[in-house]
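[1] Fold the following and give me the result.
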Amino acid sequence: MTHATASDGTRIAYQVRGQGPPLVLLAGQSNDHHWWDPVRDDFAAAHTTVTLDYRGTGDSDRPETPYSTEQFARDVVAVLDTLDIGRAAVYGTSLGGRVAQQLAARHPHRVDALVLGCTAPGGPQSVPRAEHVNLALAQADTQAARQALRELMYTPDWLARHPGPFHTLGDPTMSPRARRQHLTASNRHNAWDLLPRITAPTLVVHGEDDLLNPTANAALLAQRVPGARLHLIPGARHAYFEEFRAVASPLVRTFLATQRPR
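    Now for the predicted structure:
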């Protein structure tokens, strides 16, 4: 297992696959690099794909200090530095999209192109999810809460045809404390004032039926990031990139192929 050392000494596990221009793939909240397993090969033929295990997940260290999307972005920079990658395209989904916003705004010289998937700007400007969704995820019956999460990720038709295993429901090795730290990092994310500083060409992708991260947030991002393009995928829920990979992966590949490294 290969690791980079973050600015605070935390060891961050990373994985490299494929060949071509570098592409960083950033997973969702409380997930490690396996989030990308179902679709990673869609990009590895044309890109050197780089994933990482967020602090608190996978084979990375699990410090007890507070987590934040800004710190996660610094962890990505540490991985890029270790790999001697000066600039890369970045594709972040869900929490990974929040991290990608911090990375592109605070470290613009490291990002050639940016894809923000099923994510939100954070802060009071974001559109919060409905209270009934929060209640479904927080119910005491853990099996029922997990089923609610599956149904927020995927359509009933897809779930009926795909019994699992699922790679988007959280890293089972995480401690309860680390899960809380990830949730806090996501909830405290607020990049609204940073978004106009993003200079990388940007594509915003979102499922039209996403209730976990309301679709209205996609339009907010596209309006706030200079020159950003917006693409909504009809019928898709939060895990659009997996269930609707036949649409989403070619869309992202085409966007990245049209962006020339600066």
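[2] all contacts plus neighbour counts: C-alpha atoms, from now on.
    OK.
[3] hey, C-alpha coordinates of stretch 159-176 in PDB?
    The C-alpha trace of stretch 159-176 is given here as PDB (Å, rounded to 0.1, in the frame of the first residue of the first chain):
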ATOM      1  CA  LEU A 159     -32.100  -2.100  -7.200                       C
ATOM      2  CA  ALA A 160     -34.400  -4.900  -8.300                       C
ATOM      3  CA  ARG A 161     -31.800  -5.900 -10.900                       C
ATOM      4  CA  HIS A 162     -28.700  -5.300  -8.800                       C
ATOM      5  CA  PRO A 163     -28.700  -7.000  -5.300                       C
ATOM      6  CA  GLY A 164     -25.200  -5.700  -4.500                       C
ATOM      7  CA  PRO A 165     -22.600  -5.400  -3.200                       C
ATOM      8  CA  PHE A 166     -22.800  -1.700  -3.100                       C
ATOM      9  CA  HIS A 167     -19.800   0.600  -3.100                       C
ATOM     10  CA  THR A 168     -21.500   3.800  -2.200                       C
ATOM     11  CA  LEU A 169     -23.000   3.100   1.200                       C
ATOM     12  CA  GLY A 170     -20.000   3.900   3.300                       C
ATOM     13  CA  ASP A 171     -16.700   2.200   4.300                       C
ATOM     14  CA  PRO A 172     -17.600  -0.500   6.800                       C
ATOM     15  CA  THR A 173     -14.200  -0.300   8.500                       C
ATOM     16  CA  MET A 174     -14.800   3.300   9.700                       C
ATOM     17  CA  SER A 175     -15.200   4.100  13.400                       C
ATOM     18  CA  PRO A 176     -18.300   5.900  14.600                       C
END
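[4] Next, the buried residues of that stretch.
    For stretch 159-176, a neighbour-count test (16 or more other CA atoms under 10 Å) marks 167-171, 174 as buried.
[5] cool, and stretch 223-238?
    Quick answer for stretch 223-238 (16+ other CA under 10 Å): 224-226, 228-233, 236-238.
[6] can you give me the strands for the stretch 1-150 of the chain?
    2-5, 11-18, 22-26, 48-52, 88-93, 111-117 (DSSP state E, counting those that start in this stretch).
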